[in-house]
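coordinates only, sequence not included:
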């Protein structure tokens, strides 16, 4: 998760019904209103990280504490785990760990406390808890994909953030993550005042040749949907690689092959070697 993406999300001020993330927010297993004992019976190797409060994503916890959506759904850990997150009880903005202790079955929750309902599900396999139906009120809006005016304002405002840099420090304190102004909202709304309004155009098409026909592995193909959105917002297209980036990327890839990248996963490794290694987590996927 890149910090500038977190910063953009922290500028959302409209109410959010559902937030999706791959990793769990940090501290959700210590959020009080959950069955942590059951989780640890199923996944005992989580115990150390949970007890040290380093289990989960601090960026996701910050977003959950700041945005406070009605529901937060995650994946990643291959186990069903529901929890109710009481934001006023968190010990820090970067964790959902509560300061009020464990919840016990049958304990009533405070109806005045703003909270988020968290749910993670298991792997999609026979006999596993991988499915739960959640009912939501039917929307009165047209059942089409639409742009969100607030998010378009945030995209335009932050367009000059350095997308190509992995390490980019940006301030995420509340004072630096203010909501969009009426002027920003009015300008964006005026750009989508036509007949189709905010409806996303159905202009899906193939943007790159299929793999056997591709000879330039680092060539960038522009997406017409992205181009039309950038044009509507009067923004420059910044996703192309320039020539120096082409050279740098090719050189980096070559160096990775020659010198070895410690983070590279060797998918051609001998299968016997994988069997001999000790895997602490039985849910680990052996590729």
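Good, I have the coordinates. Computed from a predicted structure; not experimentally measured.

Which strand residues bridge the closest residue to residue 32 other than its chain neighbours?
Ranked by Cβ to Cβ, 6 or more residues apart in numbering and with sequence neighbours excluded, the top spatial neighbour of residue 32 is residue 98, at 3.8 Å. Heads up, the C-betas are built off the backbone N, CA and C, glycines and all. Listed by DSSP bridges, the beta-bridge partners for residue 98 are residue 90.

can I assume residue 98 is in contact with residue 88?
No: counting by Cβ atoms under 8 Å, residue 98 sits too far from residue 88 to count as a contact (9.4 Å).

one step back: for the residue nearest to residue 32, give me its contacts.
Contact analysis of residue 98 by Cβ atoms under 8 Å, 6 or more residues apart in numbering lists 30-33, 86, 89-91.

Packing partners of the host helix or strand of residue 8?
Secondary-structure assignment from DSSP states H and E places residue 8 in helix 3-9. When contacts are defined as 3 or more Cβ pairs under 8 Å, 6 or more residues apart in numbering; DSSP states H and E, helix 3-9 sits against helix 58-67.

ok, the very next helix or strand once past the helix it packs on: who's next to it in the sheet?
As assigned by DSSP H and E, the chain's next helix or strand after helix 58-67 is strand 71-74. Strands adjacent to strand 71-74 in the sheet, as given by DSSP bridges, are strand 18-21 (parallel), strand 115-120 (parallel).

most packed of the ones you listed?
Per-residue neighbour counts averaged over each of the strands paired with strand 71-74 give the maximum for strand 115-120, namely a mean of 20 (mean count of other Cβ atoms under 10 Å).

State the mean pLDDT of that strand.
Across strand 115-120, the average pLDDT comes to 96.

That strand: how far from the chain's middle?
Using Cα atoms, centre = their mean, to the nearest Å, we find the averaged C-alpha position of strand 115-120 to lie 15 Å away from the chain's own average C-alpha position.

what's the angle from it to helix 58-67?
Using axes from the mean of the first three to the mean of the last three Cα atoms, to 10 degrees, the direction of strand 115-120 lies 150 degrees away from that of helix 58-67.

Can you list the neighbours in contact with strand 115-120?
Residues beyond strand 115-120 that count as contacts (Cβ under 8 Å, 6+ apart) turn out to be 24-25, 28, 31, 33-34, 64, 68-77, 79-87, 109, 132, 134.

I would like a ChimeraX command selecting only the buried ones among these, please.
Burial among these is assessed by 16 or more other Cβ atoms under 10 Å; the matching ChimeraX selection reads:
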select :24,25,28,31,33,34,64,68,69,72,73,74,77,79,80,81,83,85,86,87
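
Lowest pLDDT pick from the contacts of residue 98?
pLDDT across those is at its lowest for residue 32, which sits at 83.

Backbone dihedrals for the residue nearest to residue 207 when sequence neighbours are not counted, please?
What sits nearest to residue 207 in space, not counting adjacent residues and going by Cβ to Cβ, 6+ apart, is residue 221, at 4.8 Å. Backbone dihedrals for residue 221, given as degrees, to the nearest 10, come out at phi -110, psi 130.

you'd agree residue 221 is up against residue 208?
Yes: with the criterion set as Cβ under 8 Å, residue 221 and residue 208 qualify as a contacting pair; they are 4.1 Å apart.

ok, back up a step: now the two most distant members of the contacts of residue 98.
Based on Cβ to Cβ, the longest span within these runs between 33 and 91 and measures 14.8 Å.

End to end on stretch 17-28, go ahead and measure it.
For stretch 17-28, the first and last residues are 18 Å from each other (Cα to Cα, to the nearest Å).
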